[in-house]
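Engineer: Give me a 3D structure for the following:
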Amino acid sequence: MLHPRLLLAPTLVLGLGLAACGQPEPPVAAAPAAQPAAATPPAQPAAAAAPAWQDLNGARASSGEGELQRRGFELSRRQGLTQYWNHAPSRTCLRVVTSNGRYAVTQVPFTPQNCPV
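Structural biologist: Numbers count the residues shown, from 1 in each chain. The predicted structure follows:
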């Protein structure tokens, strides 16, 4: 009597052979060509963060101007003892009033009247 494993081997080989000779599998469809993206406007760069200025309230006027320049502000205009400083990248405008040799600094709207660039 033949061993059961010996009977299984020809059946397995025959099954594998028939599977290989069967109908070919349908070809895989190629992915559709990428459609060009709709024209979108370029992203606007994020506004730069405004440099700190609050600590300049009460600062001595003799050192305040240099400190504003060091922080990236530019003098826009003067009006007596009042100065307007702008930081264009962050659209920040400051009004600086000098009184008794000290600064009083407040942020004002960034407009052409306050901070002409």
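
Engineer: What segments of this structure are helices?
Structural biologist: For the chain, applying DSSP state H gives helices covering 4-21, 61-70.

Engineer: Of those, which shows the lowest average pLDDT?
Structural biologist: Among the helices of the chain, helix 4-21 has the lowest mean pLDDT, at a mean of 51.

Engineer: and the gap between residue 58 and residue 100?
Structural biologist: 10 Å (C-beta to C-beta, to the nearest Å). Where C-beta positions appear, they are placed from N, C-alpha and C, glycine not excepted.

Engineer: Any idea how far apart the tips of stretch 81-93 sit?
Structural biologist: Terminal residues of stretch 81-93 are spaced 16 Å apart (C-alpha to C-alpha, to the nearest Å).

Engineer: Let me know the average pLDDT across it.
Structural biologist: 94.

Engineer: hmm, back to that, and residue 58 and residue 100? which has more neighbours close in?
Structural biologist: residue 58 (10 against 6; other C-beta atoms under 10 Å).

Engineer: For the closest residue in space to the more buried one that isn't next to it in sequence, list the residues it contacts.
Structural biologist: The shortest distance from residue 58 to any non-neighbouring residue, by C-beta to C-beta, 6 or more residues apart in numbering, is to residue 102 (5.5 Å). By C-beta atoms under 8 Å, 6 or more residues apart in numbering, the contact set of residue 102 is 58-61.
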